[in-house]
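Asks: Turn this into a structure:
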Amino acid sequence: MDIEFAELVKKGLSAKNKYLSSLYFYDDYGSQLFQMITKLPEYYLTKCEYEIFETQKDKILKSFLGTDDNFNLIELGSGDGHKTKVLLNYIIEKEVDFVYKPNDISIEALDSLDKILKEEFKLIKIEKLVGNYHKVLDQIEFSKEKNIVLFLGSNIGNFNYQKSINFFKFISSKLKKEDLFLVGFDLKKDPKIISNAYNDSQGITEAFNLNILTRINNEFGADFDINNFSFYSYYNPETMEYKSYIISNKKQNVNISKLEFEVDFEYGESIFTELSQKFDLERINDMASKSGLKIKDQFYDCRSYFVDILFEKI
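Replies: This is a model prediction of the structure:
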């Protein structure tokens with residue numbers, strides 16, 4: 001039993017305003033659903049970042065290297081590595097000595113990525129890091145060589161502003177001087193474009209959110225009837241926050257047998273599931289300055305929807 005997940009379920013569903021963490025969307029099936037989301041026409045984020053890597057890989061690698069000719073590349077939440085493979089291929093072509101250390105909560109996703117990379121890139125050195133990235137970063141020893149941490153896909157948007165700063169401080173505390181941190185940020189833009197990205201016509205985002213209830217059923221013997229719940233989300237352009245919820249469609253009681261826990265839902269009651277924070281440069285600069293980091297370089301897509309920013313440990 002995943003003790004941390006179990007504790008979160010009990011705490012979150014006991015709260016006055018119920019919540020669950022989007023971190024636990026990513027079991028093996030959840031990871032598959034997310035990969036489907038990234039291919040949807042409405043979901044621009046992955047496409048923007050892929051464009052950045054494809055068109056600016058030379059500039060990115062030059063910023064990585066500096067005076068060093070080797071490094072460790074640690075990717076948090078690597079998933080299927082779709083975007084990162086563009087960069088990995090280019091680094092290999094340039095005969096740079098590096099070790100790629102992908103991290104994901106899904107062992108299936110990591111095993112699949114490992115197999116694909118070894119088939120496509122014979123010379124790559126890989127060390128898989130399985131688990132929650134907070135735990136992984138606490139457990140691994142950072143090399144004396146340059147370390148470059150990747151946090152792509154606007155995953156930073158899953159934290160509110162204060163938690164984003166705390167996460168930056170946490171990463172900064174693990175890095176040594178001149179180590180690097182590459183982060184993907186979804187920038188503020190037309191709210192309609194943002195809303196469409198999280199309300200796809202095929203309902204895959206809804207399935208992605210509701211899958212956490214299925215996961216609780218499977219892992220903790222709960223009796224959530226998924227048909228009794230629906231998905232709702234909205235964007236607030238003033239706070240630059242996109243929030244997602246699971247809504248109870250009836251008054252109901254759910255038993256979570258392995259946790260010896262029951263939860264009551266009123267009709268229309270919500271479970272907060274995910275925050276997708278958007279950013280502007282003022283906010284990004286503030287996060288860096290409070291975390292002992294400085295901006296070394298910036299890489300935008302052609303529409304300036306998205307930016308990958310390279311930070312350096314001061």
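Asks: CA-only coordinates of the helix or strand in which Gln56 is found, as PDB, when you get a sec.
Replies: Assigned by DSSP states H and E, Gln56 belongs to helix 44-65. Extracted in PDB, the C-alpha atoms of helix 44-65 (Å, rounded to 0.1, in the frame of the first residue of the first chain):
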ATOM      1  CA  TYR A  44      -0.800  23.500 -27.200                       C
ATOM      2  CA  LEU A  45       1.700  23.100 -24.400                       C
ATOM      3  CA  THR A  46       3.600  20.000 -25.500                       C
ATOM      4  CA  LYS A  47       3.600  21.200 -29.100                       C
ATOM      5  CA  CYS A  48       5.100  24.500 -28.100                       C
ATOM      6  CA  GLU A  49       7.800  23.000 -26.100                       C
ATOM      7  CA  TYR A  50       8.600  20.400 -28.800                       C
ATOM      8  CA  GLU A  51       9.000  23.300 -31.200                       C
ATOM      9  CA  ILE A  52      11.400  25.000 -28.800                       C
ATOM     10  CA  PHE A  53      13.600  21.900 -28.600                       C
ATOM     11  CA  GLU A  54      13.500  21.300 -32.300                       C
ATOM     12  CA  THR A  55      14.400  24.800 -33.400                       C
ATOM     13  CA  GLN A  56      16.700  25.900 -30.600                       C
ATOM     14  CA  LYS A  57      18.500  22.700 -29.600                       C
ATOM     15  CA  ASP A  58      21.900  24.200 -30.600                       C
ATOM     16  CA  LYS A  59      21.400  27.300 -28.500                       C
ATOM     17  CA  ILE A  60      20.100  25.100 -25.500                       C
ATOM     18  CA  LEU A  61      23.100  22.800 -25.700                       C
ATOM     19  CA  LYS A  62      25.600  25.700 -25.800                       C
ATOM     20  CA  SER A  63      23.900  27.200 -22.700                       C
ATOM     21  CA  PHE A  64      24.200  23.800 -21.000                       C
ATOM     22  CA  LEU A  65      27.900  23.300 -21.700                       C
END
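Asks: Give the buried residues for whatever helix or strand comes next after it.
Replies: Downstream of helix 44-65, the first helix or strand assigned by DSSP H and E is strand 70-75. Within strand 70-75, the residues that count as buried by 16 or more other C-beta atoms under 10 Å are Phe71, Asn72, Leu73, Ile74, Glu75. (C-beta placed from N, C-alpha, C; glycine too.)
Asks: Next up, the contacts around the nearest residue to Asn285 once chain neighbours are set aside.
Replies: Nearest non-adjacent residue to Asn285, counting by C-beta to C-beta, 6 or more residues apart in numbering: Ile295, 7.0 Å away. By C-beta atoms under 8 Å, 6 or more residues apart in numbering, the contact set of Ile295 is Ile284, Asn285, Ala288, Ile309, Leu310, Phe311, Glu312.
Asks: Give me the mean pLDDT for the strand or helix carrying Ile295.
Replies: Using DSSP H and E, Ile295 sits in strand 293-300. Across strand 293-300, the average pLDDT comes to 97.
Asks: buried sites along that strand?
Replies: Here strand 293-300 shows Leu293, Lys296, Asp297, Phe299, Tyr300 as buried, counting by 16+ other C-beta under 10 Å.
Asks: for the third one, what are its contacts?
Replies: Contacts were defined as C-beta under 8 Å, 6+ apart; by that measure Asp297 touches Lys59, Ile60, Ser63, Ile309, Leu310.
Asks: Of all pairs in the buried residues of strand 70-75, which one is the farthest apart?
Replies: Across the buried residues of strand 70-75, the longest distance by C-beta to C-beta is 12.6 Å; it joins Phe71 and Glu75.
Asks: hang on, Met240 packs against Phe279?
Replies: Yes - counting by C-beta atoms under 8 Å, Met240 does reach Phe279; the two are 6.8 Å apart.
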